[in-house]
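Undergrad: show me the folded form of this:
(2 chains)
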Amino acid sequence: SQTIHQWPATLVQPVGSPLSLECTVEGTSNPNLYWYRQAAGRGLQLLFYSVGIGQISSEVPQNLSASRPQDRQFILSSKKLLLSDSGFYLCAWRGTGNQPQHFGDGTRLSIL
Amino acid sequence: AQSVTQLGSHVSVSEGALVLLRCNYSSSVPPYLFWYVQYPNQGLQLLLKYTTGATLVKGINGFEAEFKKSETSFHLTKPSAHMSDAAEYFCAVSRGGSQGNLIFGKGTKLSVKP
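TA: Here you go, the predicted structure:
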């Protein structure tokens, strides 16, 4: 069966520090991969999605970037974090056809 | 363009009462619709989905939803609420295309009173 892993579960970072969040999927190949941010009291905002290795689409301009160095690995990064980058970050994957997205357990990011 | 509206950011029911969470969508293509549940500090878990076929869809934990094209609705129901149903619920519509991107509603937080 397919599983998705995100780490770390929680992270506290100072303003201006770099960021790297990792997401990996097991049990499937060539999945579509997604990064979302969920700010307090808000819904889910799609940040990036990827349909293949090295293929990244950005949904909103921001301080973050994404990379997909391997088929089942998706990384969210920043060179310098802002206070506004705080939130709950969720990774998701989807197979082919009309399949739903499946989510990881998320990373709670707090910026001090 | 697709959009989703969830009526009521907070819904409170008594244990054993009917749960009704409302979702209306707009879509320029035949919609694929989903309901997800999120417990505190966790990811989203798929409750049920509608793609094609039967318009009454049954999901996990006793939930079901009915796709009504004429009303552009996909309301989520459960006959009898349990305390464990307290969570936030998100309705989503697919944007179509091979990317499979979803448009989410803003969520409805369900409280269950003993």
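
Undergrad: centroid-nearest residue for the chain?
TA: Unless you meant another one, I'm taking chain A. By Cα atoms, centre = their mean, chain A has its centre lying nearest to residue A:35, at 3.1 Å.

Undergrad: hmm, I had chain B in mind actually
TA: Chain B, centroid-nearest residue using Cα atoms, centre = their mean: residue B:35 at 3.4 Å.

Undergrad: any idea which element residue A:61 lies in?
TA: Per DSSP states H and E, residue A:61 falls between elements, in no helix or strand.

Undergrad: hang on, the earlier thing: nearest spatial neighbour of the residue nearest to the centre of chain B, skipping sequence neighbours?
TA: Nearest-residue entry for residue B:35: residue B:47, 4.3 Å, with adjacent residues in sequence omitted and distances by Cβ to Cβ, 6 or more residues apart in numbering or on different chains. Yep, even glycine has a C-beta here, placed from its N, CA and C like the rest.

Undergrad: got the contact list for that neighbour?
TA: By Cβ atoms under 8 Å, 6 or more residues apart in numbering or on different chains, residue B:47 lies in contact with B:34-37, B:59-61, B:63, B:76, B:89.

Undergrad: and those residues, which are buried?
TA: The neighbour count (16 or more other Cβ atoms under 10 Å in any protein chain shown) marks B:34-37, B:59, B:63, B:76, B:89 as buried among the contacts of residue B:47.
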